[in-house]
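Asks: What would the 3D arrangement of this be:
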Amino acid sequence: MEIPVHFPNVELATHVVMPSHVHGVVVIRKDVPAQQPREDEGTVAKHLRRAQNAVPLRPLGRGAREHTRSFGGLVSGSIPAIVRSFKAAAAKRIRQAMWKPGFSVWQRGYYEHVICDEGDFRNVCEYIRTNPARHTFKHNHP
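Replies: Down below sits the predicted model:
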């Protein structure tokens with residue numbers, strides 16, 4: 001729920017926390033100017049020089065070997081930046097609550113889908129809203 005606090009141009013739409021994963025729609029508004037968070041707002045990463053958790057990998061380019069990868073730059077306010085920030089903050093709180101500093105919370109990566117139109121938006125939101133019922137049915141009816 002705190003994502004919009006850290007990313008003022010972001011709104012959360014339909015979302016649900018499942019036992020083993022999270023579903024959510026993140027709306028990035030271009031009409032809202034992105035602001036740098038102030039030091040006193042409790043941001044996840046207050047300083048630009050702090051270590052980053054996971055920077056997306058990208059191919060090196062033409063002629064590079066298939067398996068050779070390099071770190072790509074992270075764009076502030078992008079979906080990868082938002083997801084990384086969310087996963088880092090949630091993992092920190094979960095580890096503190098469980099008293100398990102090295103506990104692995106998230107799998108690497110995530111699935112993303114760009115919503116193209118209103119119909120797609122409705123379908124994705126319906127899928128997210130009905131996911132808990134499908135999960136319960138699946139686990140109660142082997």
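Asks: all contacts plus neighbour counts: C-alpha atoms, from now on.
Replies: Fine.
Asks: What are the boundaries of the helices in the chain?
Replies: 3-6, 79-98, 118-140 (DSSP state H).
Asks: right, and those - which one's nearest residue 110?
Replies: Residue 110 lies closest, by C-alpha to C-alpha, to one member of these: helix 79-98, at 8.3 Å.
Asks: low-scoring stretches of this structure, by residue?
Replies: Scanning the chain for pLDDT under 70 picks out the ranges 32-72, 137, 141-142.
Asks: show me what contacts residue 121?
Replies: residue 115 (C-alpha atoms under 8 Å, 6 or more residues apart in numbering).
Asks: how far away is it from residue 11?
Replies: 14 Å (C-alpha to C-alpha, to the nearest Å).
Asks: re the thing from before, would you mind giving the helices of the chain as CSV with distance to residue 28 added?
Replies: CSV is the format used below for the helices of the chain (distance: least, C-alpha to C-alpha, whole Å):
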stretch, distance to residue 28
helix 3-6, 10
helix 79-98, 9
helix 118-140, 14
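Asks: Out of the ones you listed, which is closest to residue 17?
Replies: helix 118-140 (8.8 Å).
Asks: got the buried residues for the closest one?
Replies: 121, 124-125, 128-129, 131 (16 or more other C-alpha atoms under 10 Å).
Asks: what does stretch 76-85 give?
Replies: 77, 79-85.
Asks: Residue 28 against residue 7, yeah?
Replies: No. With contact taken as C-alpha atoms under 8 Å, residue 28 and residue 7 are classed as non-touching, separated by 9.1 Å.
Asks: With neighbour numbers in mind, choose between those two.
Replies: Higher neighbour count among residue 28 and residue 7: residue 7, with 22 against 17, using other C-alpha atoms under 10 Å.
Asks: ok so, going back, JSON lines for the buried residues of helix 118-140, including distance to residue 98?
Replies: JSON lines is the format used below for the buried residues of helix 118-140 (distance: C-alpha to C-alpha, whole Å):
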{"residue": "121", "distance to residue 98": "36"}
{"residue": "124", "distance to residue 98": "32"}
{"residue": "125", "distance to residue 98": "31"}
{"residue": "128", "distance to residue 98": "27"}
{"residue": "129", "distance to residue 98": "28"}
{"residue": "131", "distance to residue 98": "26"}
